[in-house]
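Enquirer: Kindly return the folded structure for what I paste below:
(chains A and B)
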Amino acid sequence: MQDLLNIFVKSIFIDNMVFAYFLGMCSFLAVSKSVKTATGLGIAVIFVLGVTLPINYLLNTYVLSPGSLSWLGPEYADIDLSFLSLIIFIAVIAAMVQLVEMIVEKFAPALYASLGIFLPLIAVNCAILGGSLFMQERGYSSVGEATVFGLGSGIGWFIAIVALAAIREKLAYSNVPAPLKGLGITFIITGLMGIAFMSFMGIQL
Amino acid sequence: MNKEIYKNPIFKSNPVTVLVLGICSSLAVTVKLEPACVMALSVIAVTGFSSFIISILRNTIPNRIRIIVQLVVVAMLVILVDQILKAFSYEVSKQLSVFVGLIITNCIVMGRIEAFALGNKPIPSLIDGLANGAGYGLVLVVLAFFRELIGSGTLFGHQIIPLSWYVKNGGFYENNGLFILPPMALILAGLLIWAQRSIQKDLIEK
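Expert: Residues are numbered from 1 along each chain as shown, chains lettered A, B, ... in the order given. The predicted model follows:
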């Protein structure tokens, strides 16, 4: 239980997807103009990360990693399919995004209307694929750990995009040098926020 | 052939600083020059060949499933690059870790396929892909140059700042550790955009 809590806190603050690994930057910069849309996209990311990571974990453990097909019989024990993991992960993500979109549309039309275009966009958000690849690289030991890591990373991304959107809304009233307006100042603010988040690095978990 | 195809993406409509594409993976690999150059070459190869292949297939792909076809082509190329890196320069492929895989979701690749390769002949598409990859690579190398020089005092692992300058050898100089940390990549990229837009006034946002 304590392990799960550690992974959760670690993935939100210390290994924050945005500030420590720059994942999901494209949509992070493009969709952070208002807090409302940022919240919508953030929730969708938490959702999709929380769903795809356990599935990809199971696929990785029982199909892809070396020797994992041994449950089919001893003659399959030395098959190594790990070179296929990229294509399988991206296929699972694309399929899950599509499925999540249909489910949300059917059962929660209000949420669907507020998420709008963001759900399909998530398939190409590198934070999602990055989550699966980190899960594979760090070798989490159970489905629970993978799920908690997914949810934590999603919440970390959510916090980051909502905070940036709030700052950018206030920034409209500041006098920024003309060539730095828009994209430039957003980069620099993200960098400063990253420095703030680095203060969590000292925490030992 | 139109010169603009390969001249524009490198400076005037650079994918990273102007179109805001492919930032995700571009900042994390710029601590040192060597992985940055390897990453730049990988991206150039993937953007070039994926645009080329998709452009050959452009009249046979049904419009409704084109995203999946594109993803499969890109994923295949990325797996090839990944396996080649693992075989021939294992150290660098360890340093790049997940970021080679993340070329699949690099928006430059999909962006160029959607915006150019689907509507143009194979050879111009190949050049467009290569040029956009090169524009991305240029930003990567510039960032890595400053980060490695100021952060570690080296370039490609060779010492550039004379060792006798360092405080521990009785000198006055100390490496700026901030440049190795992730946030500095963002701030440097912001400054790069500032510099570019000061030269090209028409890019300034209202």
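
Enquirer: Count the residues that sit near the closest residue to A:V97 other than its chain neighbours.
Expert: Excluding the flanking residues, the one nearest A:V97 by Cβ to Cβ, 6 or more residues apart in numbering or on different chains is A:A123, at 4.4 Å. Yep, even glycine has a C-beta here, placed from its N, CA and C like the rest. Neighbour count of A:A123, defined by other Cβ atoms under 10 Å in any protein chain shown: 20.

Enquirer: same thing with the one 10 residues further on?
Expert: Each residue near A:L133 was counted by other Cβ under 10 Å, and the total is 22.

Enquirer: Show me what whichever strand or helix holds A:T39 is packed up against.
Expert: Per DSSP states H and E: A:T39 is located in helix A:35-59. Contacts defined by 3 or more Cβ pairs under 8 Å, 6 or more residues apart in numbering or on different chains; DSSP states H and E place helix A:35-59 against helix A:85-107, helix A:109-115, helix A:118-121, helix A:126-138, helix A:143-171.

Enquirer: out of the ones you listed, deepest packed?
Expert: helix A:126-138 (a mean of 24; mean count of other Cβ atoms under 10 Å in any protein chain shown).

Enquirer: what's the angle between that one and helix A:35-59?
Expert: Computed with axes from the mean of the first three to the mean of the last three Cα atoms, to 10 degrees, the direction of helix A:126-138 lies at 30 degrees from that of helix A:35-59.

Enquirer: Residues touching helix A:126-138, excluding its own?
Expert: Outside helix A:126-138, the residues within contact range by Cβ atoms under 8 Å, 6 or more residues apart in numbering or on different chains are A:17-18, A:21, A:23-26, A:45, A:48-49, A:52-53, A:56-57, A:60, A:65, A:85, A:89-90, A:92-93, A:122, A:146, A:149-150, A:153, A:157, B:24-25, B:97-98, B:101-102, B:104-106.

Enquirer: Go through the helices and strands packed on helix A:35-59 and find the least confident stretch.
Expert: Mean pLDDT is lowest for helix A:118-121 among the helices and strands packed on helix A:35-59, at a mean of 68.

Enquirer: what's the closest of the helices and strands packed on helix A:35-59 to B:V46?
Expert: Closest approach to B:V46 among the helices and strands packed on helix A:35-59 is made by helix A:85-107 (12.1 Å; Cβ to Cβ).

Enquirer: quick one on the thing from earlier: now the helix holding A:T39: buried residues?
Expert: A:35, A:37-38, A:40-57, A:59 (16 or more other Cβ atoms under 10 Å in any protein chain shown).

Enquirer: what does stretch B:64-82 give?
Expert: By 16+ other Cβ under 10 Å, the buried positions in stretch B:64-82 come out as B:66-67, B:69-71, B:73-79, B:81-82.

Enquirer: Could you export it as PDB, keeping only the C-alpha atoms?
Expert: Only the C-alpha atoms of stretch B:64-82 are listed here, as PDB (Å, rounded to 0.1, in the frame of the first residue of the first chain):
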ATOM      1  CA  ARG B  64     -11.400   7.600 -43.500                       C
ATOM      2  CA  ILE B  65      -8.700   5.300 -42.200                       C
ATOM      3  CA  ARG B  66      -5.700   7.400 -43.200                       C
ATOM      4  CA  ILE B  67      -4.600   8.200 -39.600                       C
ATOM      5  CA  ILE B  68      -4.200   4.500 -38.800                       C
ATOM      6  CA  VAL B  69      -2.300   3.900 -42.100                       C
ATOM      7  CA  GLN B  70       0.000   6.800 -41.300                       C
ATOM      8  CA  LEU B  71       0.600   5.700 -37.700                       C
ATOM      9  CA  VAL B  72       1.500   2.200 -39.000                       C
ATOM     10  CA  VAL B  73       4.000   3.600 -41.500                       C
ATOM     11  CA  VAL B  74       5.500   5.900 -39.000                       C
ATOM     12  CA  ALA B  75       5.700   3.300 -36.300                       C
ATOM     13  CA  MET B  76       7.500   0.900 -38.700                       C
ATOM     14  CA  LEU B  77      10.100   3.500 -39.500                       C
ATOM     15  CA  VAL B  78      10.600   4.400 -35.800                       C
ATOM     16  CA  ILE B  79      11.000   0.700 -34.900                       C
ATOM     17  CA  LEU B  80      13.700   0.400 -37.700                       C
ATOM     18  CA  VAL B  81      15.500   3.500 -36.300                       C
ATOM     19  CA  ASP B  82      15.300   2.200 -32.800                       C
END
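
Enquirer: other SSEs contacting the helix or strand encompassing B:L130?
Expert: Assigned by DSSP H and E, B:L130 belongs to helix B:122-152. On a contact count with 3+ Cβ pairs under 8 Å, 6+ apart, helix B:122-152 meets helix B:4-7, helix B:23-26, helix B:33-57, helix B:107-115, strand B:154-155, helix B:182-199.

Enquirer: Please list which of the buried residues of stretch B:64-82 are also close to chain A.
Expert: B:67, B:71, B:75-76, B:78-79, B:82 (Cβ under 8 Å from any Cβ of the partner chain).

Enquirer: Show me which of those is closest to B:C37.
Expert: Looking across those and measuring by Cβ to Cβ, the closest to B:C37 is B:D82, at 16.7 Å.

Enquirer: Now do the SS call for that closest one.
Expert: helix (DSSP: H, G, I helix; E, B strand; the rest coil).

Enquirer: Correct me if wrong: it contacts B:G101.
Expert: Yes: with contact defined as Cβ atoms under 8 Å, B:D82 and B:G101 form a contacting pair (6.6 Å).

Enquirer: what is in contact with the two at once?
Expert: Taking Cβ under 8 Å, 6+ apart as the criterion, B:D82 and B:G101 both touch A:L86.

Enquirer: measure B:S55 to B:N106 for me?
Expert: 18 Å (Cβ to Cβ, to the nearest Å).

Enquirer: For the two, indicate the residue with more neighbours.
Expert: Each of B:S55 and B:N106 has its neighbours counted (other Cβ under 10 Å); B:N106 has more, 27 against 23.

Enquirer: phi, psi of the spatially closest residue to that one that is not a sequence neighbour?
Expert: Distance criterion Cβ to Cβ, 6+ apart; nearest residue to B:N106, sequence neighbours excluded, is B:G22 at 4.6 Å. When read as degrees, to the nearest 10, the backbone of B:G22 gives phi 70, psi 30.

Enquirer: How many residues are close by B:G22?
Expert: Neighbours of B:G22 using other Cβ under 10 Å come to 30.
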